[in-house]
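Enquirer: take this sequence and fold it.
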Amino acid sequence: MAAFPVPCLCMVTDRHHYRGISLEEVVSLAVEGEVNLVQLREKDMASGRLLRLAHSLKKITQGKALLFVNDRVDVALACGADGVQLGEEALPVSAVRHLAGEGLIIGRSVHSVEGAVKAQAEGADFLIVGTVFLSPSHPIGRAAGVELLASVAQRVSIPFLAIGGIKEDNIHQVIEAGASGAAIISAISTSDDPRATTKALVHEMIRSWSGIKIAG
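Expert: Have a look, this model is predicted:
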């Protein structure tokens, strides 16, 4: 099993929002921008096409970033991905561990402190926690704010990433609240320059992380 990178900037794919370029091109640019985890999250894509895409992304990320597949344990195993990201209502972590052994890093997405505690107890390797801020991909509903992250940080010991409306000008808030990084959808998917946007996000994330370590 690969090591989970900390701090971590995760790019979550969303092909419906890319501006005139392919998903593979956006991922390649984000990897050049030093994103260290790519989550393939195309829930409406047919299985065969999803697997072909996963193989393509594996070639792009090989030796540069980890590749995760959202929910589809079969696709993750078939393409040689590094991990699988499970939704809160997806398969139990124990079932995925039974299927994959120690070959996959297993993440769980949660929306509450209770969900985070439960996921850690079930054996998740890391969490994605949100929605922190409202965003173009999740414009309706209630944003939990960084208070949720601070509460989760007090209750779990595994790494967790924040998700939801995170951009260059607010990523420091999620790091300061206790997150080990961020999962990004809209800031990269709607950017005119995904590579530059990713570089800026990584820079701010590392700057904030380093400041916390020095202060600690």
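
Enquirer: could you list the buried residues of the longest helix that the chain contains?
Expert: Longest helix in the chain by number of residues (criterion: DSSP state H): helix 194-215. Residues 194-195, 197-202, 204-205, 208-209 are the ones in helix 194-215 that count as buried (16 or more other C-beta atoms under 10 Å). All C-beta atoms are positioned from the backbone trio N, CA, C, and that covers glycine.

Enquirer: for residue 181, grab phi and psi.
Expert: phi 150, psi -160 (degrees, to the nearest 10).

Enquirer: swap that for residue 125, please
Expert: phi -80, psi -30.

Enquirer: before we move on, what about residue 127?
Expert: Main-chain torsions, residue 127, degrees, to the nearest 10: phi -130, psi 150.

Enquirer: identify the bridge partners of it.
Expert: On the basis of DSSP bridges, residue 127 is bridged to residue 108, residue 160.

Enquirer: that one contacts residue 157, correct?
Expert: No: between residue 127 and residue 157 there is no contact, the gap being 11.0 Å when judged by C-beta atoms under 8 Å.

Enquirer: which one of these two has more residues nearby?
Expert: Per other C-beta atoms under 10 Å, whichever of residue 127 and residue 157 has more neighbours is residue 127, with 25 against 7.

Enquirer: check contacts around residue 144.
Expert: Residues near residue 144 by C-beta atoms under 8 Å, 6 or more residues apart in numbering: 111, 130-132, 164.

Enquirer: distance check, it against residue 116.
Expert: Counting by C-beta to C-beta, to the nearest Å, the separation of residue 144 from residue 116 is 12 Å.
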